[in-house]
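> Here you go, sequence then predicted model.
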Amino acid sequence: MVALNSIQFQYDTDDVGGSKPHHVLTARVGDEQVGKLRWSATSVRGIDVPEEHQRQGIATALWEHGQSLAAENPKIPAPKHSSDRTRAGDAWARSVGGRLPRRV
């Protein structure tokens, strides 16, 4: 079980060949990566939490930290939900709130 207050976040960008980079937020506990959130200017491109760390609030902590980064820095867009969501991703998106585009 991961204690949320032990998570360290690292923000970076990833040049994917488009006009704007993707934004990447990694969650770590010590040397172990426990989650990653990737988003573009338009939507979340992926959120990954290893199975052994799921349902512990890590994805939500990544989402909230990404929102905080965007609020503090106008060059970082806030993560927005994607229309391309799995069932589990849809349930999670509903739990954290925010505008939900129709799921495809």
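That came through, no problem. Residues are numbered from 1 along each chain as shown.

> from here on, contacts and neighbour counts on C-alpha atoms
Will do.

> can you give me the helices for the chain?
Here the chain has its helices, by DSSP state H, at 58-72, 87-96.

> so which of these gets nearest residue 1?
Of all the helices of the chain, helix 58-72 sits nearest to residue 1, with 10.7 Å by C-alpha to C-alpha.

> What's the local residue count around residue 83?
Residue 83 is flanked by 14 other residues according to other C-alpha atoms under 10 Å.

> now it, nearest residue through space, not along the chain?
residue 103 (4.5 Å; C-alpha to C-alpha, 6 or more residues apart in numbering).

> So which of the helices of the chain has the densest surroundings on average?
helix 58-72 (a mean of 18; mean count of other C-alpha atoms under 10 Å).

> quick one, that helix and helix 87-96 angle?
Going by axes from the mean of the first three to the mean of the last three C-alpha atoms, to 10 degrees, helix 58-72 is angled at 50 degrees with respect to helix 87-96.

> Any figure for the gap between the residue nearest to residue 83 and residue 54?
22 Å (C-alpha to C-alpha, to the nearest Å).

> got the contact list for the spatially most central residue of the chain?
Among the residues of the chain, the one closest to the centroid is residue 37, at 3.0 Å (C-alpha atoms, centre = their mean). Each residue near residue 37 by C-alpha atoms under 8 Å, 6 or more residues apart in numbering is listed here: 24, 25, 26, 44, 45, 46, 47, 48, 59, 62, 63.

> Which PyMOL command selects the buried ones in those residues?
To isolate the buried subset of the contacts of residue 37 in PyMOL, counting by 16 or more other C-alpha atoms under 10 Å, use the following:
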select buried, resi 24+25+26+44+45+46+47+59+62+63
